[in-house]
Every structure is written in C-alpha cells, then in structure tokens.
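>>> how would this look folded up:
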Amino acid sequence: MVWEYKGKKLEVVQGDIASQQDIDAVVNAANARLETGGGVAGALHRAAGPELAEAGRKYAPLAPGEAVITPAFKLPNNKVIHCLGPVYGQDTPEDELLKSCYEKTLHLGEKEKQKSIAFPAISTGAFGYPFDKALDLAVDTVIEVLPDLAHVDFVRFVLFSSKEADAYRKALEKKLV
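Predicted coordinates for the structure are as follows:
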C-alpha cells in the first residue's frame with residue numbers, strides 16, 4: 001500500500017534494501033568507517049562492489065547522527081546515503097541522533113535532487129535501538145520533513161522481516177489516516 005500525505009508518497013515493503021530497482025537513493029545504516037559490515041551495510045557493500053567502501057573512506061570516521069552521500073556503483077540506484085545511527089545506551093542523546101539521521105538523509109537527497117529514498121530501520125540491529133521506539137521516531141521525522149522538500153517526493157521503508165514491515169504499516173496507517 002502507498003500512502004499519500006501532503007502531495008508526497010510513503011510505502012513500506014519487506015525486502016532487500018540492495019534490490020530497490022525503482023529508487024533513486026538507498027540508505028546505508030553505516031558503521032563509522034563506512035566499510036562493509038553486517039546487516040544493511042553488508043548487503044549494500046556486497047551489491048555495490050568495493051568502490052562503495054573506497055568512496056566512503058574520505059568521509060570516515062562518521063559521527064553518530066551524520067550522513068554523507070556517494071555514488072551507488074553496481075547498485076540499481078543513483079546514490080547511497082550513508083548514515084551512522086546511534087548505538088543505544090552508548091551514543092547520547094539517542095533520540096536526537098537517530099532523528100538527525102533521518103533529517104540529514106532527507107536533506108542530502110533533496111540537495112542531490114533525488115526523487116525517491118529507501119530507508120532501512122536504522123540502529124535497530126546490532127546497535128540495539130529498541131525497534132518500536134526507532135520506528136516511531138523514523139515515521140514521525142519523515143512525516144515532519146518530507147512535505148517541505150521540493151525534489152524528494154517518495155519514501156519507502158524497506159524492512160527485513162514481515163513482522164517489522166507490518167509494524168511500520170500499522171504506524172503509518174495510524175499516523176496518516
């Protein structure tokens with residue numbers, strides 16, 4: 001299902017962030033060194049090729065809440081926006097840093113005139129951010145920022161499991177209807 005909100009579109013899918021053929025920019029839940037890792041970072045780096053890590057080196061180390069943009073190389077997208085989410089219980093204030101990830105990612109996409117952006121659930125894997133708390137913050141921030149952007153008009157949340165995707169769908173349904 002695609003939701004329309006103030007002239008913008010939002011969608012939730014279960015799938016692989018590295019296989020979003022129809023999206024201009026995909027978001028990497030990056031590590032500080034912008035290198036291959038596990039989860040989202042591993043999937044994107046494997047699909048993009050070694051050039052992705054090479055392109056990120058000039059930005060490393062990334063601070064929590066920061067975002068940078070690189071070409072997508074062998075991915076089917078134009079750009080990869082790398083964001084370092086906070087490690088829960090370690091990087092504080094967690095909520096502000098995670099919100100900053102979503103805000104800065106959207107603004108980078110706007111600056112680079114990307115029409116569509118796909119987000120994973122940033123910081124909820126190895127970084128230990130409670131899923132429900134991160135979900136609310138992600139959805140609220142995107143809903144807040146997206147209407148003010150001229151170029152970005154479509155956001156897709158790409159979740160690994162059907163349970164996570166269902167939770168995002170329910171959150172959007174609740175907030176947008």
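>>> Need the phi and psi values for the residue most central in space within the chain.
For the chain, the residue nearest the mean C-alpha position is Phe119 (2.9 Å; Cα atoms, centre = their mean). Main-chain dihedrals, Phe119, degrees, to the nearest 10: phi -110, psi 140.
>>> Quick one: classify the residue lying closest to it once chain neighbours are set aside as helix, strand or coil.
In space, and not counting its chain neighbours, Phe119 is closest to Val27: 4.8 Å by Cβ to Cβ, 6 or more residues apart in numbering. Bear in mind the C-beta positions are built from the backbone N, C-alpha and C, glycine included. Under DSSP: H, G, I helix; E, B strand; the rest coil, Val27 falls in the strand class.
>>> now do Glu11
Using three-state DSSP, the structure places Glu11 in strand.
>>> Per-residue pLDDT of it, please?
If you check Glu11, the pLDDT there is 98.
>>> What of the one 3 residues further on?
Residue-level confidence at Gln14 comes out at 97, pLDDT.
>>> Now it: closest residue in space, sequence neighbours ignored.
Once flanking residues are discounted, Gln14 sits nearest to Ala165: 4.0 Å by Cβ to Cβ, 6+ apart.
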